[in-house]
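Engineer: need coordinates for the below:
(chains A and B)
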Amino acid sequence: MSQAKEFRTCPTTGLKVHLTTEKLIKANAVVAVVFLAIGGLFGLLVALTRWPAVHFLPADWFYLALTAHGLDVLLVWIIFFEMAVLYFASSVLLGSRLAGPKWAWTGFVLMLVGAIVTNYAVLRGDSSVMFTSYVPMMAHWSFYLGIILFAVGALIGTFVFFGTLVVAKQEKTYEGSVPLVTFGAITAAIIAVFTIASGAIILIPTLLWSLGFISHIDPMIYKTIWWAMGHSSQQINVAAHVAVWYAIAAMTFGAKPLSEKVSRTAFLMYILFLQIASAHHMLVEPGFSSEWKIFNTSYAMYLAVLGSMVHGLTVPGSIEAAQRARGYTKGMFEWLRKAPWSNPAFAGMFLSLVFFGFIGGISGVVMGTEQINLIMHNTLYVPGHFHGTVVAGTTLAFMAITYYLVPLIFRRELMFRKLAQWQPYVFGIGVAGISMFMMGAGTLGVARRHWDMTFADAQLPFDFPSAAFLMMGLNGMFAVLASLGGIMFIVVVVGSVFFGRKLGEDEKPSYPEVPPQAAAVTQHGNAESVRIPGTVMLVSIFFIAFVLYYFVNWKYLSEVWPLS
Amino acid sequence: MALTPPSERIWWKEPIAKVELIWILVAFVWGLIMFFMMIYWHGAGEQNLSNEAYQTTPARYSEKAQAMIDQYTVREENGFPVVKPPPGSDVYLIARLWQWWPILELEKDESYRLHLSSMDWQHGFSLQPVNINVQVHPGYDLVMTIKPDRAGEYGVVCNEFCGIGHHNMVGKLYVTE
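Structural biologist: Have a look, this model is predicted:
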């Protein structure tokens, strides 16, 4: 076959796009969005049930919906989308053919079959064991089988990604080092291999146990290894969405990283230290030493947190530098004020950055402190935290880049532009509300994964303070707002992909609008002259909030009963 | 751009901007402070979860708990024995589908060695409104020394999902003057 048929050149970016890769990106993204819609719907049902005045679902359906919600959004939506990101960051960014397209399709089919099997298991009604499926509570065997198939598929996709890197290098499709976004994707893929290996180590025996071949699985060992998968898979998300932040900054502003060395080292910190975060889930379990807990929960003295804090400076910093180079130099914040806030890709990316740092990031470090975990473990503070990281952070970032994906990869004009313009704000503010009010309720002691905070049918009574009920009501309202944002996203994306006007071969999309592209920023001058005062102000505010909130929680801890 | 190979081929020799260096230093030092704060609290703080734990079985554990209940039950409430063990003693709380058994009555400002273990699935010991939360496993006996510092009536909520009756699993604990 001639090369002309295998590749096309993107009229907007000039990138050489392998057509097979493009098909795979489309397939993975479409399935991802379908599962986002399904999982999101389950999430809405959960939130409506936890809204005391509504209390929508009966108990058995609530626990079923909660299990399905976790699986479909945390696992299926995010990992399918990450496959699309991996294929994009390797084949498209490096202008290379995809290695082993048949393997990539095999992985895709396995993931899809796995996702359907696990959903089937949950909908049967006998596998409402929550996303974590802690033993000795047992699900139907198909529950574990589905997840294993899904993971094998994802592993194949990851190796196709690595293979493509090798092909690109050998066929010399690019010069020098891989782009930063690809470097971020490599980070995500390396963590993915560790994650999936951990999953296999624990889920295969669990499958055999559910089939009766193994008599006993130790709950503590299960939990430790399960979270080596469960928490690490969130680090895949972090690496992937930070890569997406850099990608959107580059697409929208032509932004150049302040320093390749610093940004890449920050990614390297993720690879080296994030995996030990399984300990975050073992801080109040019997049988671990404090030394083990302190070293692991802090990612070896917070070196992975350091990585995230560095990205927190370099991502907005690169945007500020690009904007200043374009002439927005007035005062501290003209670069930010004059940013394209009506471009949903930028708006989503920036909200994702802010919410991930302020809400998800700070709360995660505080909750992961050995002793402070005592006043938060398994309360609603936990889902409050991870809705800040995984939804306001990862999901919002993935939604944001979809607004570039539709015109550039699906080659369709975006429809419903007003809707698209408001979507990141509605969804982002909705999710930020969910996070904050769940954390508030958790601080007041409300349990997560719990159908009835009034304890109406319990043998002994207990009453939560009325403030806790208020928090849960507000949580419900913001969940409705977030769902609205989710529906807006689905309408815009599904509408555009199926009914949007097809773009001609050499036609540039007219939307999302990006600021007049002065040549992409290539130089920051010498190291002394990089001026990013606005970003310095932003990270200073972040740092003060972090320090204050951290010590406030030590104060809370000091007020509970002495224990040792 | 972040989407293209670095414009400087030898990017690892590029000097780092001062502002980035300062931030890296600040973040690194802050990480150290947070790390040593946990160690510091083991010495100076009063709230540290003990690392004392034993392997056990539901049968062995419930035998010990029953011995305590037989010896120190002071009254009944809603079918639950209310047990008032002496200060300083080993106190056993059983977690099972879907009860915290028995009701404990402790004295203010006295220390107790509280044992927690599950008879079946995992449970979550969530003492409210104090908001102390500890995971309870079957087969493991976690021992922590607690010293209630306020009198009153407390709830023990289960905060680890344990099946369809999970939301009805509420226990009680009294602290008397």
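Engineer: quick one: average pLDDT of whichever helix or strand residue A:84 is part of?
Structural biologist: Residue A:84 belongs to helix A:78-87 when elements are defined using DSSP states H and E. Helix A:78-87 comes out with an average pLDDT of 96.
Engineer: what's the following helix or strand after that helix?
Structural biologist: Using DSSP H and E, the next helix or strand after helix A:78-87 towards the C-terminus is helix A:101-124.
Engineer: list the buried residues for that following helix?
Structural biologist: Burial within helix A:101-124, assessed by neighbour count using 16 or more other C-beta atoms under 10 Å in any protein chain shown, is assigned to A:101, A:104-108, A:110-112, A:114-115, A:117-119, A:121-122. C-beta: built from backbone N, CA, C; applies to glycine.
Engineer: so which bits of the next helix-or-strand element following it are buried?
Structural biologist: The element immediately downstream of helix A:101-124 (helix or strand, assigned by DSSP H and E) is helix A:141-170. Within helix A:141-170, the residues that qualify as buried by neighbour count (16+ other C-beta under 10 Å) are A:141-165, A:167-168.
Engineer: mind listing residues that contact the helix holding residue A:84?
Structural biologist: Identification of contacts with helix A:78-87 by C-beta atoms under 8 Å, 6 or more residues apart in numbering or on different chains yields A:21, A:24-25, A:28-29, A:31-32, A:35, A:98, A:104, A:107-108, A:111, A:150, A:154, A:157-158, A:160-161, A:164, A:185, A:188-189, A:192, A:233, A:236-237, A:240, A:243-244, A:390, A:394-395, A:398, A:401, A:405.
Engineer: mind checking how far the most centrally placed residue in chain B is from chain A?
Structural biologist: Among the residues of chain B, the one closest to the centroid is residue B:134, at 2.3 Å (C-alpha atoms, centre = their mean). Distance, residue B:134 to chain A, by C-beta to the nearest C-beta, to the nearest Å: 5 Å.
Engineer: check contacts around that residue.
Structural biologist: Residues near residue B:134 by C-beta under 8 Å, 6+ apart: A:284, A:374, A:377, B:49, B:116, B:124-125, B:142, B:144.
Engineer: kindly report the same for residue B:110.
Structural biologist: Taking C-beta under 8 Å, 6+ apart as the contact definition, residue B:110 lies against B:87-88, B:147-148.
Engineer: closest to residue B:177 out of the residues you listed?
Structural biologist: Of all those, residue B:148 has the smallest distance to residue B:177: 10.7 Å, by C-beta to C-beta.
Engineer: around the closest one, how many other residues sit close by?
Structural biologist: When counting by other C-beta atoms under 10 Å in any protein chain shown, one arrives at 23 neighbours for residue B:148.
Engineer: from what I can see residue B:80 touches residue B:105, true?
Structural biologist: No: with contact defined as C-beta atoms under 8 Å, residue B:80 does not count as touching residue B:105 (11.3 Å).
Engineer: just the buried residues of the contacts of residue B:110.
Structural biologist: Under a neighbour-count criterion of 16+ other C-beta under 10 Å, the subset of those counted as buried comprises B:147-148.
Engineer: which ones among the contacts of residue B:110 also lie next to chain A?
Structural biologist: Filtering the contacts of residue B:110 for proximity to chain A (criterion: C-beta under 8 Å from any C-beta of the partner chain) leaves B:147-148.
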